[in-house]
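**Q** Based on what follows, work out the 3D shape:
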Amino acid sequence: MTTTDAAPQPARPTLAQVAARAGVSLKTASRALGGESYVSEKTLSAVLEAARELDYQRNSAASLLASGRLADSIGLITGDFTNPFYSALAQAIEDEIRTHGMHLSVTNSRESAEQERRVALDLADRQTKAVITVSAMPEHHDYAALQARGIPVVFVDRPADDLAADSVVFDNRDGGRLAAQHLIDAGHTHIAFIGDYAWLPTFRERMAGMGDVLDASGSDWRGLLRTDAHDVASSRARVRELLSLEHPPTAIVAGNNRILLGVMEELSGTPASDGPAVLGFDDPEWAQVLGITVVTGDVEALGRQAARLAVARLGDRTREFENVTIPMRLVERGA
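**A** Numbers count the residues shown, from 1 in each chain. Now for the predicted structure:
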């Protein structure tokens, strides 16, 4: 019986090789690839470039094998576990990656950039195959360290800033146009918009889209703009403020599903004939029961596309980055 020796596998690049190519110490290279904040931008760039050239991937798996924590998983970083949007997104991602024999690890940034950095590095150190993030960071250069370690990063719902990466988002600007045009067509000119944190790209794009329509119509809507309504309580407070005005709005646009819930709770004691019309973004199940007109996108398509981008990047890290935009639509019910 004749046996044939398997072809020897090429040795994996080492951290020492990365350090040597970057012209830094082994400790500095380790700090840079570990995402530690006190590494200078110049040094970080040199180490990341060396890691890319060598196709280096940090290996933290050895200490995890014995504990059984190493698996083919993709990590999802969400913004807020209390928002049902994220459970729907996670379900869609999990359904897609399960067909590839992978499972999903879900973590929460609580809309904190610093917490997001920590959990992203933790996912990477646990040998997560890829990271999908609904990012709370104002810019995303820190994720280059994960990419240099061979970990694809996909941005979902909110686009990447200052980083070449795959992304999938809704066409939020067009969504804003749809909302504004619907209310203008219904005869409203005194329109309020209650939005989430002012720094969120989803809020900024929806506001810009509304402006495309309302500014041209002569509406005084910018005086009725309210922001930082991140939860139900703050949304209710914004509604109370708007209704106390000498000339309250005849229509209120709620910037997402949690804001919409706050609006409806605050208006629950007001006869429909006396209160403002309400239009929401997103489409929670109860919105259909209450007959609320919404502007929404296909969350399942959003999640599945993000998962496909991550899996495709795992299969070919040299492919062109994709920036996918999913359309939004108006679902007319009441307002």
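**Q** Figure out the length between the terminal residues of stretch 149-164.
**A** 15 Å (C-alpha to C-alpha, to the nearest Å).
**Q** Please identify the buried residues of that stretch?
**A** For stretch 149-164, the neighbour count (16 or more other C-beta atoms under 10 Å) marks 149-160, 163 as buried. For glycine as for every other residue, the C-beta is placed from the backbone atoms N, C-alpha and C.
**Q** on contacts alone, who are the packing partners of the helix or strand that contains residue 242?
**A** Applying DSSP states H and E as the criterion places residue 242 in helix 232-243. Identification of packing neighbours for helix 232-243 by 3 or more C-beta pairs under 8 Å, 6 or more residues apart in numbering; DSSP states H and E yields strand 191-194, strand 225-226, strand 251-254, helix 257-266.
**Q** Now render those as CSV, adding mean neighbour count, mean pLDDT and distance to residue 291.
**A** Formatted as CSV, the helices and strands packed on helix 232-243 follow (neighbours: other C-beta atoms under 10 Å; pLDDT from 0 to 100; distance: least, C-beta to C-beta, whole Å):
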stretch, mean neighbour count, mean pLDDT, distance to residue 291
strand 191-194, 27, 98, 19
strand 225-226, 18, 97, 24
strand 251-254, 30, 97, 15
helix 257-266, 23, 96, 11
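**Q** To residue 281, which of these lies closest?
**A** Closest to residue 281 of these, according to C-beta to C-beta: strand 251-254, at 6.6 Å.
**Q** Would you mind writing the CA trace of that closest one as CSV?
**A** C-alpha atoms of strand 251-254 as CSV (Å, rounded to 0.1, in the frame of the first residue of the first chain):
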residue,chain,number,x,y,z
ALA,A,251,-49.5,66.1,12.1
ILE,A,252,-46.6,64.4,13.9
VAL,A,253,-44.0,62.2,12.2
ALA,A,254,-42.4,59.7,14.6
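**Q** For this structure, name the helix or strand with the lowest mean pLDDT.
**A** When each helix and strand of the chain is scored by mean pLDDT, DSSP states H and E, helix 62-65 comes last, with a mean of 39.
**Q** moving C-terminal of that helix, what's the next helix or strand?
**A** Downstream of helix 62-65, the first helix or strand assigned by DSSP H and E is strand 73-78.
**Q** Who does that next one pair with, and is each partner parallel or antiparallel?
**A** Strands adjacent to strand 73-78 in the sheet, as given by DSSP bridges, are strand 103-108 (parallel), strand 130-133 (parallel).
**Q** can you tell me which residues contact the most centrally placed residue in the chain?
**A** Central residue of the chain (C-alpha atoms, centre = their mean): residue 134, 2.1 Å from the mean position. Contact analysis of residue 134 by C-beta atoms under 8 Å, 6 or more residues apart in numbering lists 76-79, 86, 89, 109, 155-158.
**Q** Over to it: give its phi and psi.
**A** Per-residue torsions, residue 134: phi -100, psi 90 (degrees, to the nearest 10).
**Q** Please apply the same query to residue 276.
**A** Dihedral pair for residue 276: phi -70, psi 160, per degrees, to the nearest 10.
**Q** got CSV for the strands paired with strand 73-78, with distance to residue 247 too?
**A** CSV is the format used below for these (distance: least, C-beta to C-beta, whole Å):
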stretch, distance to residue 247
strand 103-108, 40
strand 130-133, 42
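**Q** Most tightly packed of these?
**A** strand 130-133 (a mean of 28; mean count of other C-beta atoms under 10 Å).
**Q** who's in contact with that strand?
**A** Residues outside strand 130-133 that contact it (C-beta under 8 Å, 6+ apart): 74-77, 93, 116, 120, 123-124, 143, 146, 151-156, 306-307, 310-311, 313-314.
**Q** who's the closest residue to residue 147 other than its chain neighbours bridged to?
**A** Of all residues beyond its chain neighbours, the one nearest residue 147 is residue 153 (5.9 Å), with distances taken as C-beta to C-beta, 6 or more residues apart in numbering. Counting by DSSP bridges, residue 153 is bridged to residue 131.
**Q** Which one, of the strands paired with strand 73-78, ends up nearest to residue 185?
**A** Proximity to residue 185 (C-beta to C-beta) singles out strand 130-133 among these, at 37.2 Å.
**Q** Show me how far that closest one is from its chain's centre.
**A** Distance of strand 130-133 from its chain centroid, counting by C-alpha atoms, centre = their mean, to the nearest Å, is 10 Å.
**Q** same thing with stretch 112-132?
**A** Counting by C-alpha atoms, centre = their mean, stretch 112-132 comes out at 14 Å from the chain centroid.
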